[in-house]
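**Q** Pasting a predicted model and its sequence here:
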Amino acid sequence: MKLVVLCSGNGSNFENILRSCWKHEVVGMIYNVKDCYARTRAAKFGVPTCYIHHKDEDTLIDCINMVKPDLIVLAGYMRILSEKVINSVTRIINIHPSLLPKYKGLHAIEQALESGDDATGVTVHYVTPELDSGDIIIQNRVPILQDDTVESLTKRIQRMEHSIMPVAIDKALCDS
Ligand code: GRF
């Protein structure tokens, strides 16, 4: 199956997809932050890339539809996609570092840490026009330890992200 991945930053989830989802082909990585590290990762793996400004919706739609992906994966893409984009392309999934519906949007890890909760988690869900609100594909719990910092909790969350994303991708591809 063909995947297109959208990134804005570091791209650890993107690289994890390249390493773990060997049954599928990542036909392109689209990014909206010019110097993001995800670009370097794409070059290392020979994945074609395209910079598209987040406001350039028509180019984004054309670029995605040109390669006819079976699934689009938001892996740290820090922009909300409009209804127009969502309705013009195939199914999109997103990974979010919380137990949705808790802590939508930015700073989800900080919010969980400040809450006093004894656990947070990771959610992979379908993308709808409403922020972090689409149907959940997979959700897993990550404990918050007493001496956790944002850094230590982020590391634990990212390990969970890397373990559930390939499973969520397969599940989404089976559902479609
Ligand atoms: C991840 O924590 C993901 O949940 C969130 O953005 C972060 C991206 O990390 N949406 P990376 O760029 O994949 O390392």
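**A** Received it, and whenever you're ready, just let me know what you need.
**Q** how about the residues of this protein that lie near the ligand?
**A** Residues of the chain that fall close to the ligand, judged by CB under 6 Å from any ligand atom: 9-14, 75-76, 95-97, 161. Quick note: C-beta positions are derived from backbone N, CA and C, even for glycine.
**Q** again, only using 8 Å
**A** When proximity is defined as CB under 8 Å from any ligand atom, the chain approaches the ligand at 7-16, 37-38, 74-78, 94-97, 108-109, 122, 154, 157-158, 161.
**Q** For burial, what's the neighbour tally of the nearest residue to S98 once chain neighbours are set aside?
**A** Leaving aside its sequence neighbours, S98 sits nearest to A108 (CB to CB, 6 or more residues apart in numbering; 3.9 Å). Counted with other CB atoms under 10 Å, residues neighbouring A108 total 22.
**Q** cool, the one 4 residues further on as well?
**A** Applying the criterion other CB under 10 Å, we find 24 residues in the vicinity of A112.
**Q** I'd like the distance between it and P129.
**A** Relative to P129, A112 is positioned 25 Å away (CB to CB, to the nearest Å).
**Q** what does the model give the closest residue to T149 other than its chain neighbours for pLDDT?
**A** Excluding the flanking residues, the one nearest T149 by CB to CB, 6+ apart is L113, at 7.9 Å. Listed pLDDT for L113 reads 96.
**Q** for the one 5 residues further on, same thing?
**A** Per-residue confidence at D118 stands at 97 (pLDDT).
**Q** Show me just the buried residues among the residues of the chain next to the ligand.
**A** Using 16 or more other CB atoms under 10 Å as the burial test, these include 7-16, 37-38, 74-77, 94-97, 108-109, 122, 154, 157-158, 161 as buried.
**Q** Which ones among these lie within strands?
**A** 7, 74, 94-96, 122 (DSSP state E).
**Q** Same list, those, but as a markdown table with distance to L145 and pLDDT please.
**A** As requested, these are exported to a markdown table (distance: CB to CB, whole Å; pLDDT from 0 to 100):
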| residue | distance to L145 | pLDDT |
| --- | --- | --- |
| C7 | 29 | 98 |
| L74 | 28 | 98 |
| N94 | 26 | 98 |
| I95 | 22 | 98 |
| H96 | 21 | 98 |
| V122 | 16 | 98 |
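**Q** Let me have these in JSON lines, extended by distance to K104.
**A** Shown next, in JSON lines, are these (distance: CB to CB, whole Å):
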{"residue": "C7", "distance to K104": "20"}
{"residue": "L74", "distance to K104": "14"}
{"residue": "N94", "distance to K104": "11"}
{"residue": "I95", "distance to K104": "13"}
{"residue": "H96", "distance to K104": "8"}
{"residue": "V122", "distance to K104": "14"}
